[in-house]
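Enquirer: Give me the fold of what follows.
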Amino acid sequence: MTDSLLRRAQHSLAPLQRRDVAQALEWCAADPAANAVLAMHLETARDSGIVPPYLWSVKRRGGRGLPGMGRESIGVIWGGANLTALIPSAADAAGGDDVRAEVAAAMVGRLNRPAAIVGSADLMLDLWGRVEPWWGPAREVRPRQLSMAITTGPRHVSSDGSGLELTAVRCASLSDYDELLPASVHMFIGEVGYDPMRHGRAAYEDRLSALIRAGRVFLQYGELEGRRRVVFKADVGAVGGKVAQVQGVWVHPAARGRGLSKAGMAAVVEGVRASIAPTVSLYVNDFNAPAIAGYRAVGFTQVGTFATVMF
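Expert: The predicted structure follows:
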């Protein structure tokens, strides 16, 4: 079925070429918070001169594409463990429903089902609706997540750390790994819904180690239950287009309700803007009212809407 669709389609997927990278980065810059993950992979391709096999160009057959990216290229997809896509509004509007329908058909025909589809809600949910008969069912769909960002210094928010003997929020080092791993796993189970130590342990541990070595994990210690424990953590999961996307924000259950997340995020924003990127972004489920209020207290504002489909 998909082969016949692809033969008739005016839009298809092809491996991204080095000549395509600069224009794709310009597209990302139009909405840097939404496209930080794509920009990260494109910048890696630009700087290394090697385009990874998970970057795909959306091509228009026998027609003109967008200025500066060849006559057929109208969008870009990252199809790694997670999938995200960008079709600039001009191409999306010009192609009508055919663009998204044919991109979805090409995804089914050429890509493996990812662990998740993540990105701007309008495009991601539309593509999901079209690929669901082949890639479904989803384990969970989160159709409205607030994409938030801050481009200035944070508003500092105090926390009630009485009795916790809190350390300052700082970048983690590999010496913190043994304390950080269980905190990270607890966060992952609560956010994603399964234990990464039972499904993909090696990849999860490698990812955590790599983030620590890159200076992209922030943590805070405190005294809980008679011992020194990680009480707050946050990861900078992606850096691209001068945007650092924070993921994996977590507070130890026994320390919640004390404002540690707000105070911790203020420190993270300050640290990230000083040494990683001038804009700090994140996305949060719309039903998580306490987290949204906390991020707003620090100075984050909503800049878009994300959606996540998990398999």
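
Enquirer: Low-confidence ranges, the stretch 51-200 of the chain, go.
Expert: 62-71, 92-96 (pLDDT under 70).

Enquirer: Start from the N-terminal end of it and give the strands.
Expert: 55-60, 73-79, 82-86, 116-120, 140-150, 170-171 (DSSP state E, counting those that start in this stretch).

Enquirer: Output those strands in CSV; the columns should cover distance to Leu42 and mean neighbour count.
Expert: For the C-beta atoms, the positions are set from N, CA and C on the backbone; glycine is no exception. Listed next are these as CSV, based on distance: least, C-beta to C-beta, whole Å; neighbours: other C-beta atoms under 10 Å:
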stretch, distance to Leu42, mean neighbour count
strand 55-60, 7, 24
strand 73-79, 8, 24
strand 82-86, 10, 23
strand 116-120, 14, 23
strand 140-150, 19, 19
strand 170-171, 26, 16
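
Enquirer: Columns distance to Pro196 on top of the ones you listed, output as JSON lines?
Expert: Compiled in JSON lines, the strands of the stretch 51-200 of the chain are given as follows (distance: least, C-beta to C-beta, whole Å):
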{"stretch": "strand 55-60", "distance to Pro196": "25"}
{"stretch": "strand 73-79", "distance to Pro196": "21"}
{"stretch": "strand 82-86", "distance to Pro196": "14"}
{"stretch": "strand 116-120", "distance to Pro196": "13"}
{"stretch": "strand 140-150", "distance to Pro196": "16"}
{"stretch": "strand 170-171", "distance to Pro196": "22"}
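
Enquirer: and Arg213, which of these is closest to it?
Expert: Proximity to Arg213 (C-beta to C-beta) singles out strand 170-171 among these, at 10.5 Å.

Enquirer: Where does Val309 fall, secondary structure wise?
Expert: strand 301-310 (DSSP states H and E).

Enquirer: hang on, the earlier thing: nearest to Trp27, out of the strands of the stretch 51-200 of the chain?
Expert: Closest among the strands of the stretch 51-200 of the chain, using C-beta to C-beta: strand 82-86, at 5.7 Å.

Enquirer: so what secondary structure elements neighbour that closest one?
Expert: helix 21-29, helix 36-48, strand 73-79, strand 116-120, helix 121-135 (3 or more C-beta pairs under 8 Å, 6 or more residues apart in numbering; DSSP states H and E).

Enquirer: So what are the sheet partners of the third one and their directions?
Expert: Okay, so that is strand 73-79. Using DSSP bridges, the strands paired with strand 73-79 are strand 55-60 (antiparallel), strand 82-86 (antiparallel).

Enquirer: How about residues contacting it?
Expert: 11, 13, 16, 20, 23-24, 27, 37-38, 41-42, 54-60, 65-66, 83-88, 91, 95, 99, 103, 107, 111-112, 114 (C-beta atoms under 8 Å, 6 or more residues apart in numbering).

Enquirer: List the buried residues of whichever strand in the chain runs longest.
Expert: When the chain is parsed with DSSP state E, its longest strand is strand 227-240. Neighbour-count burial for strand 227-240 flags 229-240 (criterion: 16 or more other C-beta atoms under 10 Å).

Enquirer: Would you mind naming the residues that bridge with Leu13?
Expert: Val58.

Enquirer: Tell me how far it lies from Pro52.
Expert: 15 Å (C-beta to C-beta, to the nearest Å).

Enquirer: Show me which of those two is the more surrounded one.
Expert: Per other C-beta atoms under 10 Å, whichever of Leu13 and Pro52 has more neighbours is Leu13, with 23 against 14.

Enquirer: Now that we have the strands paired with strand 73-79, can you turn them into TSV and tack on distance to Trp134?
Expert: As requested, those are exported to TSV (distance: least, C-beta to C-beta, whole Å):
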stretch	distance to Trp134
strand 55-60	17
strand 82-86	14
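
Enquirer: Next up, the contacts around Asp98.
Expert: 10-11.

Enquirer: And it, how far from Phe188?
Expert: On the measure of C-beta to C-beta, Asp98 and Phe188 end up 39 Å apart.

Enquirer: one step back: hey, what's the angle from the longest strand of the chain to helix 21-29? Just curious.
Expert: Interaxial angle, strand 227-240 versus helix 21-29 (axes from the mean of the first three to the mean of the last three C-alpha atoms, to 10 degrees): 120 degrees.

Enquirer: Could you list the paired strands of the very next helix or strand once past strand 227-240 along with their orientation?
Expert: As assigned by DSSP H and E, the chain's next helix or strand after strand 227-240 is strand 243-251. Taking DSSP bridges as the criterion, strand 243-251 sits next to strand 227-240 (antiparallel), strand 279-285 (parallel) in its sheet.

Enquirer: which one of those lies closest to Arg139?
Expert: Among the strands paired with strand 243-251, strand 279-285 sits nearest to Arg139 (C-beta to C-beta), with 15.1 Å.

Enquirer: So which residues make contact with the closest one?
Expert: 32-33, 36, 142, 144-151, 242-247, 249, 268-269, 272-273, 291-292, 295, 300, 303, 306.
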